[in-house]
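>>> Mind looking at a prediction? Sequence and model below.
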Amino acid sequence: MWTAAYVRPSKNRHTQSPAASQHHSSCLLLLFLYFIHVSPVLPRRVQVTVVFLSSSSSSIMESLEKQLVCPICLEMFTKPVVILPCQHNLCRKCANDVFQASNPYLSTRSGSTVTSGGRFRCPSCRHEVVLDRHGVYGLQRNLLVENIIDMYKQGTTSKPSVEPKLEQPMCEDHKDEKINIYCVTCGVPTCSLCKVFGNHKDCEVAPLNNILLLQAELTDCISMLVGNNERIQAIISHLEETCRAVDNGRRQKSKVCETFDHLFALLEEKKGEMTVRINSEQEEKLDYIRGLRRKYSDHLDNTAKLLETAIQTMDESEMALFLIVDGTNTSHLDKLQLGYENMDHFKANFDHQRRTLISIDFIKCTDQSETRRSIHHYVSMLA
């Protein structure tokens, strides 16, 4: 019979509600079970009274059992029990399942994590748990909870079982014979007499226990294949996402072409501005030089006519003096101004712009090497 220990309340305390009393009794039961496990003698300063569990014992045991249920598998904790930094407990196997679900790309072997590090969230409070190089095996075991589970199971097994004992199935052809072999040819379970004298004497048979073990192994293999398929599907999804990201190269190509087109437009605009300036000044200078040339040509023609007149009137002194004065007067003609003799001041140095154009390149991403390593890791897992 299970016993519980409770601290005798003082007379000055208010009466507790039934819910509070039940919670208080559950806590005291845990303390009592722990003290019994650690030492048969309770501490002297803890005044306790041992009483038999009355009608409320079943409710207390149910409350205790709820405290020992894993939030993942919804079953009683399976040893080893690990305690998270947030003080919540999990079966180590369930913690490993949660870790693998949060890190689907980490390689596993026989259901146990062989990689180091990683993180997952507590299913009870969503607190992030960061693992060290030992993975879930680096989490501390909660020995107190494990001891309480052992004592709880001992108490429940000590009670008389009320569940009916399962009867082993009997052979339909031989009522007194239990089914203990499996006919591999027909695919049905049968008994030994059926193999010796009955319908399966020419069939291939195997022990039923071996078939059950083989079936259990096949079930485990199927579960493992399903888990691997889910992991591979997650990797495929990641690769598809990577393909979509790489396919964005078309958009990047369009942006590059658009940028170069804009640069070409700027160069063409600048080219037009500079050629317009050159053409304008060139026309201005040519008009001036051509006008000056016409003036000098007219002066030359006038001088030739004057020379011819002078030859004809050499004997007339007054006419000769007038011709001499008129022929030597050239001060009214314009001289060629400085700067009109060439177009050398329109020279331009494009060396700096040329070096800038040659050095055009893509921006180097800092996480490019990390992306390569990630893709290589995922592909190696598929190999």
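Received it, and whenever you're ready, just let me know what you need. Residues are numbered from 1 along each chain as shown.
>>> what domains does the record give for this structure?
Per automatic domain parsing, the domain ranges recorded for the chain read 3-67, 81-158, 181-246, 279-348.
>>> Lowest average pLDDT across those domains?
Lowest mean pLDDT within these: domain 3-67, at a mean of 47.
>>> and Val98, how many residues sit next to it?
Using other CB atoms under 10 Å, Val98 has 19 other residues around it. From N, CA and C alone the C-beta is placed, and that goes for glycine too.
>>> same thing with the one 5 residues further on?
For Asn103, the number of neighbouring residues by other CB under 10 Å comes to 17.
>>> before we move on, what about Cys171?
Neighbour tally, Cys171, other CB under 10 Å: 19.
>>> show me what contacts the nearest residue to it once chain neighbours are set aside?
Distances taken as CB to CB, 6 or more residues apart in numbering put Cys191 closest to Cys171, at 3.8 Å, once the chain neighbours are dropped. Residues in contact with Cys191 (CB atoms under 8 Å, 6 or more residues apart in numbering) are 171, 173-174, 177-181.
>>> in this structure, which spans are helices?
For the chain, the helices defined by DSSP state H occupy 18-38, 57-67, 92-102, 143-158, 192-196, 208-247, 249-312, 317-327, 351-358, 368-382.
>>> Assess the claim that Asn142 and Gln87 are in contact.
No - if you go by CB atoms under 8 Å, Asn142 and Gln87 don't touch, sitting 9.4 Å apart.
>>> What sits closest to Val145 if chain neighbours are left out?
Nearest to Val145 is Val81, by CB to CB, 6+ apart, at 4.9 Å.
>>> Enumerate the beta-bridge partners assigned to that neighbour.
Cys91 (DSSP bridges).
>>> Distance-wise, check it relative to Leu90.
Plainly put, Val81 is 7 Å away from Leu90 if you go by CB to CB, to the nearest Å.
>>> more neighbours, the two?
Neighbours per residue, other CB under 10 Å: of Val81 and Leu90, the larger number sits with Leu90, 27 against 23.
>>> Isn't the more buried one up against Cys70?
Yes - using CB under 8 Å, Leu90 is in contact with Cys70, at 6.1 Å.
>>> Can you report how many residues neighbour Ser102?
So Ser102, with other CB under 10 Å, has 14 neighbours.
>>> Just among the contacts of Cys191, which is most surrounded?
Neighbour-wise, the contacts of Cys191 (other CB under 10 Å) top out at Ile181, 21 neighbours.
>>> which residues does it contact?
When the contact criterion is CB under 8 Å, 6+ apart, the partners of Ile181 are 189-192, 194-195, 205-208.
>>> Any idea what it is bridged to?
Applying DSSP bridges to Ile181 gives these bridge partners: Thr190, Pro207.
>>> Tell me the spacing between the spatially closest residue to Val130 that is not a sequence neighbour and Leu139.
Nearest non-adjacent residue to Val130, counting by CB to CB, 6+ apart: Arg119, 4.8 Å away. As judged by CB to CB, Arg119 and Leu139 stand 12 Å apart.
>>> Settle it for me: which of the two has more neighbours?
Leu139 (22 against 11).
>>> Tell me which residues touch the residue nearest to that one when sequence neighbours are not counted, please.
With CB to CB, 6+ apart as the criterion, Leu139 has its nearest non-adjacent residue at 4.0 Å, and that residue is Val82. Neighbouring residues of Val82 by CB under 8 Å, 6+ apart: 89-92, 95, 136, 139-142.
>>> So among those, which ones count as buried?
Among the contacts of Val82, those buried by neighbour count (16 or more other CB atoms under 10 Å) are 89-92, 95, 136, 139, 142.
>>> with those residues in mind, which one is nearest to Ser297?
Among these, Val136 lies closest to Ser297 (CB to CB), at 106.3 Å.
>>> so the closest one touches Arg92, yeah?
Yes - here Val136 reaches Arg92: they are 6.1 Å apart, a contact under CB under 8 Å.
>>> what's the distance between Tyr137 and Ala95?
Here Tyr137 is placed at a distance of 10 Å from Ala95 (CB to CB).
>>> Also Lys271?
Taken as CB to CB, the span from Lys271 to Ala95 is 71 Å.
>>> what's the answer for Leu193, then?
50 Å.
>>> what does Gln87 give?
Per CB to CB, Gln87 is found 14 Å from Ala95.
>>> Likewise for Gly227?
Counting by CB to CB, the gap from Gly227 to Ala95 is 16 Å.
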